[in-house]
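Chemist: Mind folding the following:
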Amino acid sequence: MSVSPAIPTQRKVGVLVINFGEPDEPILEKVMPFLERIFLQNSSLEPDESGRERARQLARQRAPGLIEEYREIGGSPLNEQADRQASELQRVLEERKWDVTTYSCFQFTEPSIAQAAREAKADGVEILVALPVYPICGQSTTVAALHQARKSLEELSWSPTFVAISGWHHHPAYVTLRVDHARDFLERSGLDLDDPETLLCFSVHGTPLEYL
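Modeler: Sure thing, here's the model as predicted:
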């Protein structure tokens, strides 16, 4: 977990709430750029032209199947949910008397991390917090997101106080949040875990331990 110094609340704080980002419409114009960015990032941090072409080829192959999957669910709800999460975070921090603005941004769709950084600079942010919301810490998620945030500051020639947050999923409050969510669902659904007919299934992200 990144350890950060205490942040003085009298300074203007910006929080980049970084999520994965997915196409909100099942159309080629949105799915293709999304897939290209994913394959491009997984090739290397500084891909050459051959890597870019390979990413385009993989995107063309994968796009038809992914578009059909998104059509079945009406487009991904992820971005809308992420925007609400960022807004709720700002509301809670403002209640705690912080001068703060949250910026919902995404690794693989718009608005990008770089766009959010530009907006934060224009808003006069003095302390910039990069918060990837992934509850794991992988190379292509949290690590890559924080790298993109730092790179964006370099490209802007901007040097705010920078705070990178990772490893938050190890905090006991995260486990409590998951437990409370399960309990709330059980109560609303009238389910009893002591009932032999009730099955509780845990599903996690399929990321190999060696990769993590």
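Chemist: After the longest helix along the chain, which helix or strand is next? Please name it.
Modeler: Counting residues, the longest helix found in the chain (DSSP state H) is helix 49-73. Counting by DSSP states H and E, the next helix or strand C-terminal to helix 49-73 is helix 78-95.
Chemist: ok, back up a step: distance between the longest helix of the chain and the chain's centre?
Modeler: 21 Å (CA atoms, centre = their mean, to the nearest Å).
Chemist: For that helix, which residues meet the burial criterion?
Modeler: Buried residues in helix 49-73, counted by 16 or more other CB atoms under 10 Å: Ala55, Leu58, Ala59, Arg62, Ala63, Leu66, Ile67, Tyr70. The way it works is simple: take the backbone N, C-alpha and C, and place the C-beta from them, glycine included.
Chemist: tell me the average confidence for stretch 132-139?
Modeler: The average of the pLDDT scores along stretch 132-139 is 84.
Chemist: got it, and stretch 77-90?
Modeler: 94.
Chemist: Please list the outside residues in contact with that stretch.
Modeler: If you take CB atoms under 8 Å, 6 or more residues apart in numbering as the criterion, stretch 77-90 is touched by 15, 17, 19-22, 24, 100-104, 106, 109, 133.
Chemist: again, only using 10 Å
Modeler: The contact list for stretch 77-90, computed with CB atoms under 10 Å, 6 or more residues apart in numbering, reads 15-24, 98, 100-106, 109-111, 116, 131, 133.
Chemist: List the buried residues of that stretch.
Modeler: For stretch 77-90, burial by neighbour count (16+ other CB under 10 Å) applies to Leu78, Asn79, Ala82, Asp83, Ala86, Leu89, Gln90.
Chemist: that older thread, elements contacting the longest helix of the chain?
Modeler: Applying 3 or more CB pairs under 10 Å, 6 or more residues apart in numbering; DSSP states H and E, one finds that helix 49-73 makes contact with helix 28-43.
Chemist: which intervals of this structure have sub-threshold pLDDT?
Modeler: Where the chain drops to pLDDT under 70, the residues are 1-9, 42-47, 204-212.
Chemist: one more time with 90
Modeler: 1-11, 21-78, 109, 134-141, 167-171, 174-175, 178, 199-212 (pLDDT under 90).
Chemist: my guess is Lys30 contacts Pro23, does it?
Modeler: Yes. Using CB atoms under 10 Å, Lys30 makes contact with Pro23 at a distance of 3.9 Å.
Chemist: shared neighbours of those two, which are they?
Modeler: Ile67, Tyr70, Gly75, Ser76, Thr109.
Chemist: Tabulate these (JSON lines), appending distance to Glu155.
Modeler: Formatted as JSON lines, these follow (distance: CB to CB, whole Å):
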{"residue": "Ile67", "distance to Glu155": "32"}
{"residue": "Tyr70", "distance to Glu155": "32"}
{"residue": "Gly75", "distance to Glu155": "31"}
{"residue": "Ser76", "distance to Glu155": "28"}
{"residue": "Thr109", "distance to Glu155": "19"}
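Chemist: between these, which is nearest Gln10?
Modeler: Distance to Gln10, by CB to CB, is smallest for Thr109 among these, at 34.6 Å.
Chemist: what sits against the closest residue to the closest one other than its chain neighbours?
Modeler: Spatial nearest neighbour of Thr109, chain neighbours left out: Gly21 (3.5 Å); criterion: CB to CB, 6 or more residues apart in numbering. Applying CB under 10 Å, 6+ apart, we find Gly21 in contact with 34, 37-38, 76, 78-79, 82, 104-113.
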